[in-house]
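Q: Output the structure for:
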Amino acid sequence: MKHSFVTKPIPYTNHNTALTTVPKVRLYVERPERKENWFVNVGHVTDRGRWRTEPHAHPGYGQVIFVRNGRGVMNLEGSSVPFEAPCALLLPTECVHGLDYEVDVDRWVVTIEVSYLKQVNTKLREFIQLWNGPRIIPFAEAPETAAEFHRLIQALRDEVETRAMGHIVATEALLTSLLLMLVRGVKLDDAANEGAVEATSQELRLTERFRDLIDRHYRDNLQLQDYASKMGVSLVQLRAACAAATGQSPAKLIHARILTEAKRNLIFGDMTMEQIAYSLGFSDAAYFTRFFRKEIGQTPSQFRLAARERP
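A: Sure thing, here's the model as predicted:
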């Protein structure tokens, strides 16, 4: 089957939301009363009427939301992004999002536990790139692909619910097929692809471990050697793995994580520049401002003002 859909560009327009912190929301699959272990959950939602959530983030898992019918607007990291069925919304772990579905939207929600998702991602470098950021993936120009995607999700739901012999192997196969459909149709980061080479499974796993460490220590102003030492590898090995898996240097990956958190604080929070700088491990606000302007092309104050002035 030919996959002809592409990733929809996401313009930057702000909801004018000012939150002190971004709420972290856990779903029922993580509640203590659920005694069985889970790694993939599939839900089908057909609420009558309008349905809306305020900006929030999910720790511990990623989501693929297949909107089969209807339309709405997503507040994505502070940007107001419209979507219309059929499409898939891909939301990585900790991605800040709010959803405003219009009347009677039919949607399927695939929730993937983060450690299991990372395990699947090591199968293919492009899987890691797919989850590098949130995406809206339209199927409007490929109805046959939308139908196949829907069929795969139904099969995944049935496999997860029946828990028949070999269901873990079958679930992984179906989930891999689902993600592969997205990868084949999505236009991944060309700049990253240019620098990337064919990565080995070991390099993919090493890069995922490095990302985990970044998430835990990006506020601590660690040096690259500190990261390498924690992982028990050399700087040469770390640089080679990141280049093969992502096409980027280890320092670039650290900077990207810091910038993501800085933008969230500027858009959703009410901290001063000094407070944001210190919270991200900078020695002073001036250093943070120079870093942000070099990477983004605006000072933090200009970025915050522009974000909150847009409707």
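
Q: rest of the way, CA atoms for contacts and neighbours
A: Noted.

Q: which stretches of the protein have low pLDDT?
A: Residues of the chain meeting the criterion pLDDT under 70: 1-37, 187-198, 310-311.

Q: any chance you could map the strands in it?
A: 40-45, 51-52, 61-69, 71-76, 79-84, 87-91, 97-101, 106-113, 135-138 (DSSP state E).

Q: now those in JSON lines, with mean neighbour count and distance to Ser249?
A: JSON lines is the format used below for the strands of the chain (neighbours: other C-alpha atoms under 10 Å; distance: least, C-alpha to C-alpha, whole Å):
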{"stretch": "strand 40-45", "mean neighbour count": "17", "distance to Ser249": "32"}
{"stretch": "strand 51-52", "mean neighbour count": "14", "distance to Ser249": "39"}
{"stretch": "strand 61-69", "mean neighbour count": "22", "distance to Ser249": "24"}
{"stretch": "strand 71-76", "mean neighbour count": "21", "distance to Ser249": "26"}
{"stretch": "strand 79-84", "mean neighbour count": "20", "distance to Ser249": "27"}
{"stretch": "strand 87-91", "mean neighbour count": "23", "distance to Ser249": "24"}
{"stretch": "strand 97-101", "mean neighbour count": "20", "distance to Ser249": "28"}
{"stretch": "strand 106-113", "mean neighbour count": "20", "distance to Ser249": "27"}
{"stretch": "strand 135-138", "mean neighbour count": "23", "distance to Ser249": "23"}
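
Q: Reformat the ones you listed as JSON lines; add distance to Glu161.
A: As requested, the strands of the chain are exported to JSON lines (distance: least, C-alpha to C-alpha, whole Å):
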{"stretch": "strand 40-45", "distance to Glu161": "9"}
{"stretch": "strand 51-52", "distance to Glu161": "26"}
{"stretch": "strand 61-69", "distance to Glu161": "18"}
{"stretch": "strand 71-76", "distance to Glu161": "28"}
{"stretch": "strand 79-84", "distance to Glu161": "29"}
{"stretch": "strand 87-91", "distance to Glu161": "22"}
{"stretch": "strand 97-101", "distance to Glu161": "26"}
{"stretch": "strand 106-113", "distance to Glu161": "13"}
{"stretch": "strand 135-138", "distance to Glu161": "27"}
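
Q: wait, which of those is closest to Lys252?
A: Lys252 lies closest to strand 135-138 among the strands of the chain, at 20.8 Å (C-alpha to C-alpha).

Q: packing partners for that closest one?
A: Counting contacts by 3 or more C-alpha pairs under 8 Å, 6 or more residues apart in numbering; DSSP states H and E, strand 135-138 is packed against strand 87-91.

Q: which residues touch the strand it packs on?
A: Identification of contacts with strand 87-91 by C-alpha atoms under 8 Å, 6 or more residues apart in numbering yields 62-68, 131, 133-140, 146.

Q: That strand pairs with which strands, parallel or anti?
A: Strand pairing for strand 87-91, determined by DSSP bridges: strand 61-69 (antiparallel), strand 135-138 (antiparallel).

Q: Report the contact partners of Gln298.
A: When contacts are counted by C-alpha under 8 Å, 6+ apart, Gln298 touches Phe292.

Q: rerun that using 10 Å as the cut-off
A: 289-290, 292, 304, 306 (C-alpha atoms under 10 Å, 6 or more residues apart in numbering).

Q: just these now: which is nearest Arg209?
A: Distances from Arg209 to those, taken by C-alpha to C-alpha, are shortest for Phe292, at 25.9 Å.

Q: okay but that closest one is in contact with Phe282, surely?
A: No - if you go by C-alpha atoms under 10 Å, Phe292 and Phe282 don't touch, sitting 11.3 Å apart.

Q: For Ala244, grab the count of nearby residues.
A: Using other C-alpha atoms under 10 Å, Ala244 has 23 neighbouring residues.

Q: and stretch 128-140, how far out from the chain's middle?
A: 8 Å (C-alpha atoms, centre = their mean, to the nearest Å).

Q: That's all I had, so thanks and see you.
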